[in-house]
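>>> Based on what follows, work out the 3D shape:
(chains A and B)
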There are 2 protein chains.
Amino acid sequence: MGDLKKQENRIVPEPALRRMPCYLSYLKLARKAGQKVISSTNIARDMGIDPTQVTKDLSYTSIVGKTRVGYEVDLLIEVLEEFLGFKVLDEAFLFGAGSLGIALLHDLGLRQYGLKITAAFDINPQVVGKEIEGVKIYHVNEYARMQDSGIRIGILTVPLDCAQKTAELMVNGGIKAIWNFTPVVIKLPNEIVVQNTSLYAHLAVMFNRLHSNDAELK
Amino acid sequence: MGDLKKQENRIVPEPALRRMPCYLSYLKLARKAGQKVISSTNIARDMGIDPTQVTKDLSYTSIVGKTRVGYEVDLLIEVLEEFLGFKVLDEAFLFGAGSLGIALLHDLGLRQYGLKITAAFDINPQVVGKEIEGVKIYHVNEYARMQDSGIRIGILTVPLDCAQKTAELMVNGGIKAIWNFTPVVIKLPNEIVVQNTSLYAHLAVMFNRLHSNDAELK
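Numbering: from 1, shown residues only, chains lettered A, B, ... in the order given. All right, here's what the predicted structure looks like:
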């Protein structure tokens, strides 16, 4: 059940990619409930998505469901985890050990999803030299001598006014992908991957929706 | 410079809302650089967005730029912070003091953006009773007697298999908006605001883009 086809290397649209961890968690819950096989119709119904969307999203991975039967749950979980890069542990450097940076050092859950922070950098003498969850915080000047580490992923959690110049420093040091938690629009060469995740932008959306609801009730 | 018009209560599209904290951080940097007035054309150019998009996004707030002059930077910052709900401190409960939940307790930056966690709940005896950054972790059973606190925002950071039932418990206790950090698609009555923020989904997007780049270089 569920054939594997050769995986083409094509750009997967971001909305599809973002839904994949949701499929994954849905499937893990289904497996826990004892389900062995699942149809895209059922996934779609339970997740409130269009069934053709589910089939299309999953077609980006190497799995093919069987007509009238569906996907094998175990196999689909495996394929999705592999596809999403969660099965390989990538190492990353963290730039900015302020409040959000330190928070991320505490989130060991990232390791389960394939990301391990191996060193952090800051300029604040109050944090430089400290160790959080086994990760040492260095002065950013020390980054220069750690550039041959082969680490290609950097997490950016510095204050607004250092964001652009820190991003450039990271790229000069060999970073190829930046997970940008600042709300600053970073300008870098096109070949550098920048993933923007502004928690505060999501917070703004939530506040707005809540206050709109309040206004409707008035 | 920059007239205020009466603000209508209309639903602001999510992409526009998500861009607003980016405008805000851009403006704060501009202010720091000594700029007093700024045109939508300049904002658009520096942020790599279409100028009409900038004007439209900002039109959702109460500010109106002056033709051929632009927006007053100080005023626009004030208006945006107010509009985004960052100037009022909303209190929230955190459900799930695992690794990500504890990380969020460490992120005091949330307070600057209008969110203060006042209590956390879990079932794990190893964390119940502890205090992190001044926030006490209670057993979730104690939530029942804290329901008249008037707190309407809940942060959901529990394991996958508790997500749906914890969300229901929150709503039964009076929570009106849930900031859902789990990748689970939560089903709740329509009037409840659910803001999904899956860090791991963003991580998946970053991994995919990085690996696509690798493949192109081969």
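>>> next SSE after the host helix or strand of A:Leu104?
Using DSSP states H and E, A:Leu104 sits in helix A:99-106. The first helix or strand that comes after helix A:99-106 along the chain, using DSSP H and E, is helix A:109-112.
>>> what about A:Gly48, how many neighbours?
Look at A:Gly48: counted by other CB atoms under 10 Å in any protein chain shown, it has 8 neighbours. From N, CA and C alone the C-beta is placed, and that goes for glycine too.
>>> correct me, but it touches B:Asn190?
No. Contact criterion CB atoms under 8 Å: A:Gly48 and B:Asn190 do not qualify, at 11.7 Å.
>>> what separates the helix holding A:Leu104 from the chain centre, distance-wise?
Centre-to-centre, helix A:99-106 and its host chain are 15 Å apart (CA atoms, centre = their mean, to the nearest Å).
>>> what comes up buried for that helix?
Buried positions in helix A:99-106, judged by neighbour count with 16 or more other CB atoms under 10 Å in any protein chain shown: A:Ser99, A:Leu100, A:Gly101, A:Ile102, A:Ala103, A:Leu104, A:Leu105, A:His106.
>>> Tell me how far A:Gly134 lies from chain B.
Using CB to the nearest CB, to the nearest Å, A:Gly134 is found at 13 Å from chain B.
>>> ok, now how distant is that residue from A:Leu105?
9 Å (CB to CB, to the nearest Å).
>>> got the angle for the strand ranked longest in chain A vs helix A:99-106?
Assignment by DSSP state E gives strand A:115-122 as the longest strand of chain A. In terms of direction (axes from the mean of the first three to the mean of the last three CA atoms, to 10 degrees), strand A:115-122 departs from helix A:99-106 by 140 degrees.
>>> Please report how far the residue lying closest to A:Leu160 once chain neighbours are set aside lies from B:Leu110.
Leaving aside its sequence neighbours, A:Leu160 sits nearest to B:Ser25 (CB to CB, 6 or more residues apart in numbering or on different chains; 5.0 Å). B:Ser25 is 16 Å from B:Leu110, where distance means CB to CB.
>>> Just the pLDDT at the residue nearest to A:Leu160, thanks.
Per-residue confidence at B:Ser25 stands at 93 (pLDDT).
>>> sorry, back to before: need the residues touching each of A:Gly48 and B:Asn190.
By CB atoms under 8 Å, 6 or more residues apart in numbering or on different chains, A:Gly48 and B:Asn190 have no common neighbours.
>>> what ranges of chain A fall below the confidence cut-off?
For chain A, residues meeting the criterion pLDDT under 70 lie at A:1-10, A:218.
>>> Show me where it has its strands.
Here chain A has its strands, by DSSP E, at A:3-4, A:37-38, A:63-64, A:71-72, A:90-95, A:115-122, A:131-132, A:135-139, A:153-156, A:177-180, A:193-196.
>>> and those, which is most packed in?
strand A:153-156 (a mean of 26; mean count of other CB atoms under 10 Å in any protein chain shown).
>>> Who does that one pair with, and is each partner parallel or antiparallel?
Sheet pairing for strand A:153-156, assigned by DSSP bridges, gives strand A:90-95 (parallel), strand A:177-180 (parallel).
>>> Switch these over to JSON lines, and while doing so, append distance to A:Leu203 to every line.
Formatted as JSON lines, the strands paired with strand A:153-156 follow (distance: least, CB to CB, whole Å):
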{"stretch": "strand A:90-95", "distance to A:Leu203": "21"}
{"stretch": "strand A:177-180", "distance to A:Leu203": "16"}
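>>> Now distance to B:Glu81 too, for the strands of chain A, in a markdown table please.
Formatted as a markdown table, these follow (distance: least, CB to CB, whole Å):
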| stretch | distance to B:Glu81 |
| --- | --- |
| strand A:3-4 | 51 |
| strand A:37-38 | 46 |
| strand A:63-64 | 46 |
| strand A:71-72 | 47 |
| strand A:90-95 | 26 |
| strand A:115-122 | 27 |
| strand A:131-132 | 31 |
| strand A:135-139 | 31 |
| strand A:153-156 | 23 |
| strand A:177-180 | 21 |
| strand A:193-196 | 20 |
